[in-house]
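In: Whatever this is, show me its structure:
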Amino acid sequence: MTDTQWRGTLVPPLDPDSVAGRRRTGEPAHRRLARAVRRVFDPSAADVEELAQLIAAVQQPVTTGRRIAVTGVRGGAGKTTVAALLGRVYSRRRADRVLAVDADPESGSLSWRLGAPTGHPVTVLARRAANGDIRSMADLAPMLGVAGHGLWSVPAPAQPAPAAGAVGAARDVGVGLSRYFGVTVLDCGHGLVLPTPVLLEAHAVVVATPATIDGIRSTRAALDRVTDLSRYVVALTSLNDRSEGVDLRRACRAMGVLGVPVAHVRFDRHLAGGGVIDVRKLAEPTVVAATRIAAMALGRAKPL
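Out: Below is the predicted model:
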């Protein structure tokens, strides 16, 4: 990041850690304790079996690298959070490499949320690939951010790039580099009706949708205009601890009538602050929901 000019004075860039407070765990201790006690007396609980099935689906082998695009109809839908969660799930559960690409042209934050803000920005990496500088994973690895075991990342440009150029670069990076990775997760800009090249080149699309009446309405209206929904999955996100005025079961059915599977990501205190995601502090329902979305997306991924 570079200093910015403001009213004739150089202003240093903001260090996100300077405004961070205490990072809480995803759910209160009494809930975690109650779940642990219940499982002591019922080790074959249905949710344990379901998670095992979801993990098996996430681990299914792929013949070629799969590209999973995450988008939304509007901002504030939890799009980047969902993309970061998917990157973590795939990298923790799969034996092959996983890449997380920030394909949002407006200075996205995916790499930062994963704790790996360094690396060649997507526009630079696309240029290096076009110049023939990348012939193997050994060439590529030093250009990427390292977000943990098996997970690499490509950050957005430090300064907002022209939308067309950034989206084209993200498309080139996703398509050109996915052969080195089992799964590539792309955090895209907003829009479904006029899909970007990144969405068109994705094997599956996850649509982050806020669990509000207007969020559900606008997403459903956008999906109604999509010709082929066979690659799509909806991630319904609760951005606060109350879903006032929203019947979540009816919301899921409203999407489900289109033949699109829906998974609900409940409110998670750890995610609410928008900081770097620590998987150890996530609520268990969040982990299960993220695994469910990852399994759905991989299961609906279509050959291109």
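
In: Strands along the stretch 201-304 of the chain, start to end?
Out: When secondary structure is read from DSSP state E, counting those that start in this stretch, the stretch 201-304 of the chain shows strands at 204-210, 232-237, 262-265.

In: Please work out which residues outside the last one touch it.
Out: With contacts defined as CB atoms under 8 Å, 6 or more residues apart in numbering, strand 262-265 is touched by 78, 82, 85, 211, 233-238, 248, 251-252, 255-256, 286, 289-290, 292-293, 296. C-beta coordinates here come from the backbone N, C-alpha and C atoms, glycine included.

In: That one pairs with which strands, and in what direction?
Out: strand 232-237 (parallel) (DSSP bridges).

In: Quick one: distance of the partner strand to the chain centre.
Out: The chain centroid and the centroid of strand 232-237 are separated by 11 Å, computed with CA atoms, centre = their mean, to the nearest Å.

In: ditto for stretch 63-71
Out: For stretch 63-71, the distance from its own C-alpha centre to the chain's C-alpha centre is 11 Å (CA atoms, centre = their mean).

In: can you tell me the average pLDDT over it?
Out: Averaging pLDDT along stretch 63-71 gives 94.

In: would you put the C-alpha positions of it in PDB?
Out: Written as PDB, here are the backbone C-alpha positions of stretch 63-71 (Å, rounded to 0.1, in the frame of the first residue of the first chain):
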ATOM      1  CA  THR A  63     -10.100 -34.600 -13.300                       C
ATOM      2  CA  THR A  64      -9.300 -31.000 -14.000                       C
ATOM      3  CA  GLY A  65      -9.100 -27.900 -11.800                       C
ATOM      4  CA  ARG A  66     -12.500 -26.600 -10.800                       C
ATOM      5  CA  ARG A  67     -13.200 -22.800 -10.600                       C
ATOM      6  CA  ILE A  68     -15.800 -21.700  -8.100                       C
ATOM      7  CA  ALA A  69     -16.900 -18.100  -8.500                       C
ATOM      8  CA  VAL A  70     -18.600 -16.300  -5.600                       C
ATOM      9  CA  THR A  71     -20.800 -13.300  -6.400                       C
END
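
In: Could you list the buried residues of it?
Out: Along stretch 63-71, the positions that meet the burial threshold by neighbour count (16 or more other CB atoms under 10 Å) are 65, 66, 67, 68, 69, 70, 71.

In: Format the residues you listed as a markdown table; extra columns: secondary structure and distance to residue 120.
Out: Listed next are the buried residues of stretch 63-71 as a markdown table, based on DSSP: H, G, I helix; E, B strand; the rest coil; distance: CB to CB, whole Å:
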| residue | secondary structure | distance to residue 120 |
| --- | --- | --- |
| 65 | coil | 19 |
| 66 | strand | 23 |
| 67 | strand | 19 |
| 68 | strand | 21 |
| 69 | strand | 21 |
| 70 | strand | 21 |
| 71 | strand | 23 |
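
In: Specify which member of those is nearest to residue 180.
Out: Within the buried residues of stretch 63-71, distances to residue 180 taken as CB to CB reach their minimum at residue 65, with 7.3 Å.
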